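[1] Dropping the sequence and predicted coords here.
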Amino acid sequence: MPYLEILAPRASDSNKRTASRALTDGVVESFAVSPSTVTLYFLPVEAANYAHEGHLGHDGGGEGQRVFVKVHAYRRTIAERRALAAAITQPLAECFATSSHNVAIYFLDRDRDEVAHDGHMASDEDQPAT
């Protein structure tokens with residue numbers, strides 16, 4: 001953790017590769033975590049499965065679909081969330097050939113007692129001093 005779910009139109013492998021590095025770097029720098037904890041999911045949304053303003057297949061007035069990102073992570077400060085939003089918005093816009101205005105990032109913060117890995121609650125692990 002952190003995990004980023006990226007719901008967006010299809011992008012080329014080259015664009016996703018470039019974005020992967022920039023997004024991971026943004027998370028690492030903003031949240032002070034190791035790259036080994038960062039996972040990205042590129043979830044393509046076809047036009048036939050996207051609607052906006054009540055219109056299926058809406059093209060955003062020529063700008064394309066909106067890019068919706070869900071950030072799943074342990075609770076962070078507003079400053080850390082602000083830093084991440086600033087760091088990843090432009091790389092996301094470039095990856096999907098849209099404007100930054102079309103990129104929405106939602107933070108789905110979790111407490112450690114709401115996360116389990118390998119069958120063990122994160123809250124049961126030893127906590128480093130902060």
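    Everything's here; your move.

[2] which residues sit against stretch 71-90?
    For stretch 71-90, contacts defined as Cβ atoms under 8 Å, 6 or more residues apart in numbering pick out 1-5, 22-23, 25-27, 29-31, 69, 100, 103, 105-112, 115, 122. For glycine as for every other residue, the C-beta is placed from the backbone atoms N, C-alpha and C.

[3] How about stretch 26-40?
    Contacts with stretch 26-40, where a contact means Cβ under 8 Å, 6+ apart, come from 1-4, 6, 20, 23-24, 73, 76, 80-81, 83-84, 87-88, 91.

[4] hmm, which of the residues you listed are the buried ones?
    Applying 16 or more other Cβ atoms under 10 Å to the contacts of stretch 26-40, the neighbour count classes 1-2, 4, 6, 20, 23-24, 73, 76, 80-81, 83-84, 87-88, 91 as buried.

[5] From the contacts of stretch 71-90, list the buried ones, please.
    For the contacts of stretch 71-90, buried by 16+ other Cβ under 10 Å: 1-2, 4-5, 22-23, 26-27, 30-31, 69, 103, 105, 107, 122.

[6] Can you give me the buried ones in stretch 46-55?
    residue 50.

[7] how far is that stretch from where the chain is centred?
    21 Å (Cα atoms, centre = their mean, to the nearest Å).

[8] can you check stretch 60-67 too?
    For stretch 60-67, the distance to the chain centre is 18 Å (Cα atoms, centre = their mean).
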